[in-house]
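> below are the sequence and a predicted model for it; my questions follow.
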Amino acid sequence: MTLLHVDKEKCKRDGICAAVCPAKIIVLPSETDYPEMIEDGEQSCIRCGHCVAVCPHGAMNHESMGAADCPPVRKEWLLGAEQTEHFLRNRRSTRVYKEKPVDQETLVRLVEIARYAPSGRNTQPVKWKIVQEKKDVKRLSGHVIDWMRQLIDEKSPFAEAMQMGRIVQGWEYGMDPITRDAPHLVIAHGHKSDPTAQTAATIALAYFELAATGFELGACWAGYFTAAALFWPPMQEALALPENHTCCGALMVGHPKFKYHRLPLRNEPEITWL
């Protein structure tokens, strides 16, 4: 099979596949011709699957994914405008968790959903590390506290602005203001040399967080943890990410202890038009 294969019995020669191709490697020479790939198009193909997904007739097949391999869109499952707004506004940052772990299968499934997040040229640069044991989450949180203590000792303006003294004091009183006693941490990381990794990881983590609600789970962005992972060598050593990889973001994950019953308000958006 070549990179692209057109089922001529199904193809209606409507040119939709050529119109949506991001790399513009598919052409329709004329109304009587079938779609074809330009010369050297294989080198420019980003394997996004748009051509396979957009064909209403199931006529386009890609070497890495045939039409039969891609599940059809379930129109009855699509959200309308009101349902979409409700779903997104209903999302809450979960900071109080049940003493109940999330099974490994569910965590893996959420990562598998998050991998469908967009990335530049479909490079999919995001890698994942899951901290499964609560004791390890706590241990890593301790590294964050150590980093904060050093910043406080150095009289860092950042430490003062972020009220790190209060955070450390809470930790010493037995609280966990770093990872909120979450049972798990999900970390997205990428190669330091890849300029697309940070943005791709942020989008993928957002996918993960939103998907978690559908599994009756809650998540919260672990900002202090992520900062320490970037700047504190002992934390970097403890994380043991692959060589030349950096933490691009982390989420606390678990079963929410409480449910929310209202959609809280937010500031009015500031919009300018060009």
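Sure thing, it's come through. Numbers count the residues shown, from 1 in each chain.

> mind listing what's buried along the top helix by length along the chain?
Longest helix in the chain by number of residues (criterion: DSSP state H): helix 134-153. Within helix 134-153, the residues scored as buried using 16 or more other C-beta atoms under 10 Å are 134, 137, 140-141, 143-145, 147-148, 151. All C-beta spots, glycine's among them, are computed from the backbone N, C-alpha and C.

> ok, stretch 44-54 next?
Along stretch 44-54, these residues count as buried under the neighbour rule (16+ other C-beta under 10 Å): 45, 48, 50-53.

> now do that stretch, average pLDDT.
Mean pLDDT, stretch 44-54: 97.

> what's in contact with it?
In this structure, residues lying in contact with stretch 44-54 by C-beta atoms under 8 Å, 6 or more residues apart in numbering are 3-4, 16-17, 20-23, 25-26, 35, 37, 60-62, 64-67, 70, 121-123.

> endpoint to endpoint, that stretch covers what distance?
With C-alpha to C-alpha, to the nearest Å applied, stretch 44-54 spans 19 Å between its terminal residues.

> what of stretch 42-52?
Stretch 42-52 has an end-to-end distance of 15 Å (C-alpha to C-alpha).

> same check, this time on stretch 24-39
End-to-end distance for stretch 24-39, by C-alpha to C-alpha: 11 Å.

> and it, how far out from the chain's middle?
35 Å (C-alpha atoms, centre = their mean, to the nearest Å).

> which residues does it contact?
Residues contacting stretch 24-39 (C-beta under 8 Å, 6+ apart): 2-4, 6, 8, 11, 13, 15, 17-18, 41-42, 44-45, 51, 60.

> ok so V186 is a strand residue?
Yes. V186: assigned to a strand according to DSSP: H, G, I helix; E, B strand; the rest coil.

> so it touches G254, yeah?
No. Using C-beta atoms under 8 Å, V186 is not in contact with G254; the gap is 10.7 Å.

> can you give me the helices in the stretch 51-200 of the chain?
81-89, 104-114, 134-153, 157-161, 164-172, 197-213 (DSSP state H, counting those that start in this stretch).

> now render the ones you listed as a markdown table, adding distance to A229.
A markdown table is the format used below for the helices of the stretch 51-200 of the chain (distance: least, C-beta to C-beta, whole Å):
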| stretch | distance to A229 |
| --- | --- |
| helix 81-89 | 28 |
| helix 104-114 | 18 |
| helix 134-153 | 9 |
| helix 157-161 | 16 |
| helix 164-172 | 16 |
| helix 197-213 | 12 |
